[in-house]
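Q: Any chance you can model this:
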Amino acid sequence: MRRIRFHIPYNAPNSIGYLEQVLASGNAATGGKFYQLCSSKLQTKLHTPSIYFTNSCTDALEFAAILANLQAGDEVILPTFTFVSTANAFYLHGCILRFADTILERPNISLETILPLVNARTKVIVVVHYAGIAVDLDPILEYAKLHQILVIEDAAQGIGAKYKNKYLGTIAPLGAMSFHATKLISCGEGGCLFINDDTFLDRASLIFEKGTNRKAFIRNEVSKYEWLDIGSSFGLSEFQAAVLYAQLECLDALLAHRLNSWKWYMDAFQLNCAHANLSLPMVPEFATINGSFFYIILEDERIRNELQIFLRNKEIESVFHFLALHKSPFYHNKFNQNLPNSEKFESSLLRLPIHHQILEEDVLKIVECIGEYFT
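A: From the prediction side, this is the model:
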């Protein structure tokens, strides 16, 4: 019986040739030929003014936190249903984290779940576009602008997805994206920060250059470069950039296959599992998805765990996803919060296989097995 893998990272055909070019060049540091090609390719695709490629999306979020100029005691609102990097980036700066619940229909926060947490110390709101399905951004951005709160997009899973015809990660003043091995395109690790507000451009250059004005020195604008600000070593190496560029060349084809796979799932579930006690992803009218991954919502944790074992016995891999951060061992004692929608998704969401090698017959088998479990 053929095992259906949950995820298989994509290997682009030009990767080895590009890596050989990097080795032959003798320069594998950040900012080289393939770094520049990645920047040009993604800027053209996503229509964004400035991109900094980083070692990870975690790096990109920490970069954004420095740009936000946060002080100890400042408050940051973020979803509890997210990966820990979203929280760590701001907790490292001594910020107080305020966790927002998701809405009932899908694992995304909204202005309504954010508002109860806002106070005079609120400096940043972080939105996470779960599964590449957009948060309703306009109300959040309008409210934040009125109250001088910075909005940061965590679009880790959002490559190629849109909100009202704008690409995720390029809408709020700052946006982060991931190219981790688990994502639609990857370079092992890797990420980027989109600078969508010109007021951040000058300082972003200093931070990216370890707090120095090295870029100005390279452009012969100053006679020497000096330490002017805090910063870090965030830059993507040429090895990573070479692999990433090879994948960016294939992005449109990969997106097309993911969207076909998503449709196979939706059609198969509606045909074979119409009476099963589960919910499918809900995509609002303002969102254009990328098929980043596919999930179902079960009735409770017991059924989710039983179904996962049932699928494993059928040689089908599946995984649950985030554990709500407000309940985590590290943070649970900070605030006594009841966030029922996020806790529901924590206990009942199950992710199903979706990747560049999955076939329609694989999807049909998966859905038929789920139907078999419920009968």
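
Q: Distance of Ile114 relative to Leu350?
A: 27 Å (CB to CB, to the nearest Å). (Each C-beta comes from the backbone N, C-alpha and C, glycine too.)

Q: contacts for the longest strand anywhere in the chain?
A: Using DSSP state E to define each element, the chain has its longest strand at strand 122-128. Applying CB atoms under 8 Å, 6 or more residues apart in numbering, the contact partners of strand 122-128 are 65, 68, 70, 74-79, 81-82, 86, 90, 95, 98, 108-109, 114, 135, 137, 140, 144, 147, 149-154, 156, 172.

Q: Just the buried ones out of those, please.
A: 65, 68, 70, 74-79, 81-82, 86, 90, 95, 98, 108-109, 114, 135, 137, 140, 144, 149-154, 156, 172 (16 or more other CB atoms under 10 Å).

Q: Point out the ones among the residues you listed that are inside helices.
A: Ala65, Thr86, Phe90, Ile114, Leu137, Ile140, Ala144 (DSSP state H).

Q: wait, which of those is closest to Pro9?
A: Thr86 (22.6 Å; CB to CB).

Q: contacting residues for that closest one?
A: Thr86 touches Leu61, Leu78, Pro79, Val126, Val128, Asp154, counting by CB under 8 Å, 6+ apart.

Q: and if we set it to 6 Å?
A: Leu78, Val126, Asp154 (CB atoms under 6 Å, 6 or more residues apart in numbering).

Q: Turn those residues into CSV, including distance to Glu372 and pLDDT.
A: CSV is the format used below for the contacts of Thr86 (distance: CB to CB, whole Å; pLDDT from 0 to 100):
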residue, distance to Glu372, pLDDT
Leu78, 39, 98
Val126, 40, 98
Asp154, 37, 98
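
Q: mind showing which ranges of the protein have poor pLDDT?
A: Within the chain, the ranges that satisfy pLDDT under 70 run 1, 332-335.

Q: which stretches of it form helices?
A: Using DSSP H, helices in the chain cover 15-25, 33-46, 57-67, 84-91, 111-114, 137-146, 201-208, 214-218, 238-248, 251-272, 301-313, 340-348, 360-374.

Q: could you dump those to CSV with distance to Gly291?
A: Below are the helices of the chain laid out as CSV (distance: least, CB to CB, whole Å):
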stretch, distance to Gly291
helix 15-25, 22
helix 33-46, 17
helix 57-67, 19
helix 84-91, 22
helix 111-114, 26
helix 137-146, 20
helix 201-208, 31
helix 214-218, 37
helix 238-248, 16
helix 251-272, 3
helix 301-313, 20
helix 340-348, 19
helix 360-374, 12
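
Q: of all the ones you listed, which lies closest to Arg5?
A: helix 360-374 (9.4 Å).

Q: Tell me the buried residues in the closest one?
A: Buried, per 16+ other CB under 10 Å, within helix 360-374: Asp362, Val363, Leu364, Lys365, Ile366, Val367, Cys369, Ile370, Gly371, Tyr373.

Q: Closest to Leu193 out of the residues you listed?
A: Val363 (34.6 Å).

Q: Isn't that closest one up against Lys263?
A: No: in this structure Val363 lies outside contact range of Lys263 using CB atoms under 6 Å: 9.4 Å.

Q: Quick check: Ile133 touching Thr288?
A: No: using CB under 6 Å, Ile133 is not in contact with Thr288; the gap is 9.3 Å.

Q: just to revisit the earlier point, now for the helices of the chain, which one comes closest to Leu193?
A: Among the helices of the chain, if distance is taken as CB to CB, the winner is helix 57-67, at 4.1 Å.
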